[in-house]
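>>> When you get a sec, could you give me coordinates for this:
(one chain, ligands or ions: 1)
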Amino acid sequence: MRGVQEQAQAMPSVTSARLRLGEVPMILMYHGVADEAEDPNHLCVAPARFAEQMTWLKRRGLQGVSIGTLVDAMRAGRPRGLVGITFDDGYVNVLKAALPELRRHGFTATMFIVSGRLSGSNEWDEGPRWPLMSAGQVRELAAAGMEIGSHSSSHVRLAGLDADQLKAQVADSKASLADLVGASVRGFAYPYGSMDAAARLAVRDAGYNYACAVETPLRELGIMALPRVYVGQNDDARRMAAKRLLFKGYIAVKGRRP
Ligand SMILES: [Zn+2]
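Okay, the predicted model is just below:
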């Protein structure tokens, strides 16, 4: 334990929740895993492509892990070789198609669930509707060793919300998912990646350990605003390799945009 504490002290920016670009781990962002002919928002990856991407990680000696595990490893100064895997929204097809593939490789992942839309669909999107997991299916994921995180209560943009609205989306969602899975819920993912200082504060004050954004402004990089890399149907092994090489540069460029 002593060694762990010393390493943690050597990374004060991690323990104080701010991150430098060099400390940002690679976190993959998925939504659905399904063969979908009509997918204008590019939310789904076909099962065969997903299998190829997971195999690519494994062959590179990389371990796919939930973000809770990744954040613990960062705090212990041992994130090397770990890649975070996340799924937003809670589509049923993730349970059917992604879970077996993750388990085949000994990977875990974090599934960010919209707590007020269980058994519903992605009615917030323009475009095709896909079914979201039921309470029982979310429990099934948790029982299979996947981390359950919150993706808000009703998938609204958090930037600009007042304190009461933030509480309903952030704290209430945490409580209801914790009730559902019978364990504490450590992680949050901002719907649409939309966040401001008040939203980040609400997430921290609600007792979350970390939160995932999408494109994070460089000055906001931190445990409450972890940037993620979109992975889609076109990402074959070659593009995965390029994303791994370039993602910090990509974050830096995106993060400089006003
Ligand atoms: Zn979402």
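>>> Can you tell me which residues in the stretch 151-258 of the chain are near the ion?
Contacts of the stretch 151-258 of the chain with the ion, taken as CB under 5 Å from the ion, map to P191. C-beta: built from backbone N, CA, C; applies to glycine.
>>> Tell me, please, where in the stretch 151-258 of the chain the pLDDT is lower than the cut-off.
Along the stretch 151-258 of the chain, segments meeting pLDDT under 70 span 257-258.
>>> How about the contacts made by whatever residue of it ends up closest to the ion?
Residue nearest to the ion within the stretch 151-258 of the chain: P191 (4.9 Å; CB to the ion). Going by CB atoms under 8 Å, 6 or more residues apart in numbering, P191 touches 88, 114, 124, 151-152, 155-158.
>>> and what of D35?
Taking CB under 8 Å, 6+ apart as the criterion, D35 is in contact with 44, 46-47.
>>> Name the residues linked to Y210 by a beta bridge.
For Y210, the beta-bridge partners are G187 (DSSP bridges).
>>> just the contacts of D35 now: which is nearest the ion?
Looking across the contacts of D35 and measuring by CB to the ion, the closest to the ion is C44, at 13.1 Å.
>>> All the helices of the stretch 151-258 of the chain, in order from the start?
Remark: helices assigned in the stretch 151-258 of the chain by DSSP state H, counting those that start in this stretch are 163-181, 197-205, 237-256.
>>> Would you mind giving those as CSV with mean neighbour count added?
Compiled in CSV, these are given as follows (neighbours: other CB atoms under 10 Å):
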stretch, mean neighbour count
helix 163-181, 18
helix 197-205, 19
helix 237-256, 14
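>>> ok so, going back, in ChimeraX, select just the buried ones from the contacts of D35.
Typed into ChimeraX, the line below selects the buried ones among the contacts of D35, using 16 or more other CB atoms under 10 Å:
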select :44,46,47
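>>> and the contacts of D35, which of them are in strands?
Secondary structure from DSSP state E places C44 of those in strands.
>>> can you redo the contacts of D35 as TSV with distance to G77?
Below are the contacts of D35 laid out as TSV (distance: CB to CB, whole Å):
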residue	distance to G77
C44	36
A46	37
P47	36
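>>> Burial check on P100, number of neighbours?
Per other CB atoms under 10 Å, the neighbour tally for P100 reads 12.
>>> And the next helix or strand past the strand or helix carrying it?
Per DSSP states H and E: P100 is located in helix 99-104. Per DSSP H and E, helix 99-104 leads on to strand 110-113 as the next helix or strand towards the C-terminus.
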